[in-house]
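> How does the following fold in three dimensions:
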Amino acid sequence: MKVVVEPHNPAWLAHFKEIKNNLTTILEGVPIVSIQHVGSTSVPGLPAKPVLDIDIIVTAENVSPAREALVRGGYTDLGDMGIEDRYAFRQPGYQRHEAAYGPGASDRGMRMNTYVVIDGCLALRNHQDVQRVLLEDEGLREEYGAAKLQLAEKEVENIDEYCNGKDQILEKILRKAGWKEGDIHGDRKETYNNDYLSSKLTMG
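Predicted structure coming up:
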């Protein structure tokens, strides 16, 4: 298989705003901290899979109300998929097994990875720190984009092979963000799965 990676498209940012408005309606009455656009599509100039990554940030006591509201809104609850304090959802119109690896069907909208995450958790720190460094550091942004484009040219056996190919550059980004070795290597699923959705959920 080949992973689809495209040049940054400004329409991704506009589409996130539309989805955020819809999620705000679905979550009406549920206390939330914020709804954030994360992952590579949130970084201008960075090549990315055409898949939005969205974090719905809540406090611990509001995880269940948020999950229940999303299910009522047509999302499929996938559980934590092995990553503590982060709960993944399949967008309406797609079945549980239809992972978001690339462009969606034209009649079902842009693909999304949607997460309910507990404020301050390691998974959220990962999303926010990688995003911050890529927005601030042009050199790392270009290096990360080049790595993804190179991987996209290759045939890979599965999505994990693509994700593993980004380990080195993601380590570099996290170190720039101030992460220590224990955080980086303590849980590979939370640290590196920053882009994709396969058997575990990841991003960009």
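> ranges for the strands of the chain?
34-38, 51-58, 76-79, 86-90, 111-118 (DSSP state E).
> Show me which parts of the last one are buried, residue by residue.
The neighbour-count check on strand 111-118 (16 or more other Cβ atoms under 10 Å) flags 111-118 as buried. The way it works is simple: take the backbone N, C-alpha and C, and place the C-beta from them, glycine included.
> likewise the shortest one?
Residues of strand 76-79 classed as buried under the neighbour-count rule (16+ other Cβ under 10 Å) are 76, 78.
> for this protein, which spans come out with low pLDDT?
Residues of the chain meeting the criterion pLDDT under 70: 102-108, 186-204.
> mind checking how far Phe89 is from Leu23?
10 Å (Cβ to Cβ, to the nearest Å).
> should've said Ile56
7 Å.
> More neighbours: these two, which one.
Neighbour totals were compared for Ile56 and Leu23, and Ile56 leads with 27 against 21 (other Cβ atoms under 10 Å).
> residue contacts, the closest residue to that one other than its chain neighbours?
Once flanking residues are discounted, Ile56 sits nearest to Val116: 4.9 Å by Cβ to Cβ, 6 or more residues apart in numbering. For Val116, the contact set (Cβ atoms under 8 Å, 6 or more residues apart in numbering) comprises 56, 58, 63, 66-67, 70, 86-87, 89.
> And Thr114, by the same measure?
Contact analysis of Thr114 by Cβ under 8 Å, 6+ apart lists 23, 54, 56, 70, 75, 88-89, 91.
> what is in contact with Ile56 and Leu23 at once?
35, 114.
> Most remote residue from the middle of this structure, which is it?
Gly29 (24.9 Å; Cα atoms, centre = their mean).
> separation between that residue and Gly182?
According to Cβ to Cβ, Gly29 and Gly182 sit 39 Å apart.
> thought Pro65 was touching Ile26?
No - counting by Cβ atoms under 8 Å, Pro65 stays clear of Ile26, with 11.6 Å between them.
> Could you tell me the end-to-end distance of stretch 44-61?
End-to-end span of stretch 44-61 (Cα to Cα, to the nearest Å): 34 Å.
> To clarify, my last question referred to stretch 149-165.
Note: stretch 149-165 ends 11 Å apart using Cα to Cα.
> Would you mark the buried spots in that stretch?
Neighbour-count burial for stretch 149-165 [16+ other Cβ under 10 Å]: 151-152, 156, 159, 162-163, 165.
> just stretch 67-75 next, same as before
Neighbour-count burial for stretch 67-75 [16+ other Cβ under 10 Å]: 67, 69-70, 75.
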